[in-house]
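Student: Whatever this is, show me its structure:
(chains A and B)
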Amino acid sequence: MRRTLLRDPIFMIGFVIFVSLLLLSIGNTVFRDGQVDQFLNRYSDEGRLIGIPPLEPSKDQWLGTDRAGNDLFQMMIEGFKWTVGICATVALGRIAIGLLIGIPLAFRGGRVNRLFKMVLDGFLILPISLLAMMMLFSSLSFADSTMVPPLVDRVTLQLTVFVLLGLPAVTLYLITEIRQLLQQEFMIVAETLGGSVWHRVRRHLWPHLVPTMVIVFMQQFVQTLMLLIHLSLFGVFFGGTIYLFEGVMPTLFEWSSMFGYYFKQFTATTWMTSHMFLVPAIGLSMLVFLSNLLTSRLERAFRLRRQEAVVTEETISQAEAAAASLADPFTLVHADGKLQQNSKPS
Amino acid sequence: MNWIAQKSAQFFITIFVLIAISALPSLVVQLEFVPSNYWNGIQQQFSQLAKLDEITYYNVTAQRELPLLPDLAPLMKETVIIFMTSLVVSVGFALLYAYFFYRSGKRVRTVLQQTSQTLEMIPDLFWLIFSQFLAITIYKKTGFDRIEVAGGFAEYIRFLPIVTLTLTILFFFLKWLTKHILEEEVSLFLELARAKGVQPAALFWRHLLPNLVYRFYLFFRSNLITVLSSLLIIEYLFNVQGIFRFAVYNPVMPILLVILLVVYIPIFILDLVAEWLIPNAWKGGI
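Tutor: From the prediction side, this is the model:
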């Protein structure tokens, strides 16, 4: 598994990009105290004013600056860890709680599960972003930057809401997966031999659940990212929205908030030609693409691993044939791992 | 009889759950979870259910409160038009693709699979921005201005939303179909049919596809939320006068309840019809 991934150039490239961005982002906080440079006006060598914010991308500011003069490249770097951190936390939270609810329920009978499914069915038709927007809007919009409550409170509320809203779908999915595993032969054998529930979960279920959970994690990661983007387009930025006289403002440099923020600024004017809008938009698209790419490579690696372990019908029939045609009942069927096919009755 | 009882029980339970969901916005008050407020919200929604016709919304153009239900019909029409058109178009394309995939050789299959896999990873947001960008670029270059990039008050915008939603749904379907065709292809009944001399086209349309219909429906049904999420953001960004955009602009609990009911009841009926109409043999029974 690990070897398959290490030898997979596409996975490695994606992974290296991901990790280096994360390291850069954390490094910016550790070494530069999360600072983002501001460039107000640009002057030529003779001291002539040649540009006012927003500055176009140039050699000095790789991705240009926004209206307040913030360097977009540094903002993107600074915001990366927030975006990734939020999505990862939410995905992990959903899976952890989903397992806590799902494993005990999956061991119950079919009727309980049908009822559970019926109750949660209502959650599967409404776009989460709409509901999240309605739940968070009034709590997270502030009229004044002096009245913003501490960051911990806002982030906790938002993460809780995100985790809870996605939980029904994840739990239902995990229950279906676990119930399918429980019907496998090895699980029935483990039960017949008297393995306790805890033993069966730990020794037999868990190893088979890990691949599923990795894939679910990546899917939830992307889903949370899309949720963040939708919310920021609706005007609910992560960490809260400040309503200023001239418009809205996010409180954190975070990719999806930047996207929504610049989108709002530019819908009225020629927003398509603006680098300010395109930088976070392309960045987010790349991030989603990258996560999907990693997911598909992981899926492939898991599939290859399963193929290695699989016992084909051919080998079974060969073994049976070999066992049926033994010359001497005490001849080994498997001699150093290979099947003895040539041992004909003499 | 048993079936009817079961289905109606399911219907009422889900309606109750939907009411509980629609009251969720009252759970959060000033950064805190307040259960008592949520309980009040549920009661309020229940009493609202008895007088749905009294729900009003603030109409910006008319500058006053108007009753909701009569004004909901044109909004629903827009949403349904966009949703159904993209669904039909993408199912059609997906079937054609599937047939082409089934009939093509190994090398073409690899190319097709890799292309669709790569395209599938691109988020719907990108299609959205890209299609608007393309429309504007075409306009700038050639002066062709028949493609609308955003709807207005009395203008309908359909082409680009349909294209975007179709693309989103299509790649979704392609992945599933490819996977299941590869799985089914080696099954014994196809082997038998092929041995009996059934033509490849008939093999696909008569033997392989019917086996996939019900499972395809279940797949679509369980992923409906993703499609509706896409539809929501498409309506919002293209300014389509549909119900989801309406809900974003009128974020109050009674309207949310109505929208939930309006979305759920057709899906419930569709479920019933699908279960009733699709023959047992197609569901894997005998």
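Student: now what about stretch A:200-214, what contacts it?
Tutor: Residues from elsewhere that reach stretch A:200-214 (CB atoms under 8 Å, 6 or more residues apart in numbering or on different chains): A:95, A:99, A:103, A:174, A:177-178, A:181-182, A:186-187, A:190-191, A:195, A:298, A:302, A:305. C-betas here are computed from N, CA, C, even on glycine.
Student: one more time with 7 Å
Tutor: The contact list for stretch A:200-214 (CB atoms under 7 Å, 6 or more residues apart in numbering or on different chains) reads A:95, A:103, A:177-178, A:181, A:186-187, A:190-191, A:298, A:302.
Student: What number of residues are in the vicinity of A:Val210?
Tutor: Other residues lying near A:Val210 total 12 when counted by other CB atoms under 10 Å in any protein chain shown.
Student: Please enumerate the strands of chain B.
Tutor: Taking DSSP state E as the test, the strands found in chain B are B:28-29, B:32-33, B:56-59, B:64-67.
Student: For those, could you give me JSON lines that also reports distance to chain A and mean neighbour count?
Tutor: JSON lines is the format used below for the strands of chain B (distance: least, CB to the nearest CB, whole Å; neighbours: other CB atoms under 10 Å in any protein chain shown):
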{"stretch": "strand B:28-29", "distance to chain A": "5", "mean neighbour count": "18"}
{"stretch": "strand B:32-33", "distance to chain A": "8", "mean neighbour count": "12"}
{"stretch": "strand B:56-59", "distance to chain A": "14", "mean neighbour count": "15"}
{"stretch": "strand B:64-67", "distance to chain A": "19", "mean neighbour count": "11"}
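Student: As a markdown table, those with distance to B:Ile136 and mean pLDDT would be great.
Tutor: As requested, these are exported to a markdown table (distance: least, CB to CB, whole Å; pLDDT from 0 to 100):
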| stretch | distance to B:Ile136 | mean pLDDT |
| --- | --- | --- |
| strand B:28-29 | 39 | 82 |
| strand B:32-33 | 45 | 82 |
| strand B:56-59 | 31 | 76 |
| strand B:64-67 | 35 | 75 |
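Student: Just put the ones you listed in CSV and tack on distance to B:Leu261.
Tutor: Shown next, in CSV, are the strands of chain B (distance: least, CB to CB, whole Å):
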stretch, distance to B:Leu261
strand B:28-29, 23
strand B:32-33, 26
strand B:56-59, 16
strand B:64-67, 16
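Student: what's the closest of those strands to B:Glu185?
Tutor: Closest of the strands of chain B to B:Glu185 is strand B:28-29, at 50.6 Å (criterion: CB to CB).
Student: picking up where we left off before, just the buried subset of the contacts of stretch A:200-214, please.
Tutor: Using 16 or more other CB atoms under 10 Å in any protein chain shown as the burial test, the contacts of stretch A:200-214 include A:95, A:103, A:177-178, A:181, A:187, A:190, A:298, A:302 as buried.
Student: Which ones among those residues map onto helices?
Tutor: If you go by DSSP state H, the buried ones among the contacts of stretch A:200-214 have A:95, A:103, A:177-178, A:181, A:187, A:190, A:298, A:302 in helices.
Student: Report the secondary structure state of A:Ile10.
Tutor: Here A:Ile10 is helix, with the state taken from DSSP: H, G, I helix; E, B strand; the rest coil.
Student: Name the nearest residue to it, ignoring sequence neighbours.
Tutor: Spatial nearest neighbour of A:Ile10, chain neighbours left out: A:Arg297 (5.8 Å); criterion: CB to CB, 6 or more residues apart in numbering or on different chains.
Student: Can you give me every residue that contacts that neighbour?
Tutor: Contacts of A:Arg297 by CB under 7 Å, 6+ apart are A:8, A:10-11.
Student: any idea how far the spatially most central residue of chain A lies from A:Gly122?
Tutor: Central residue of chain A (CA atoms, centre = their mean): A:Phe221, 1.9 Å from the mean position. From A:Phe221 across to A:Gly122, the span is 25 Å (CB to CB, to the nearest Å).
Student: Thank you, goodbye.
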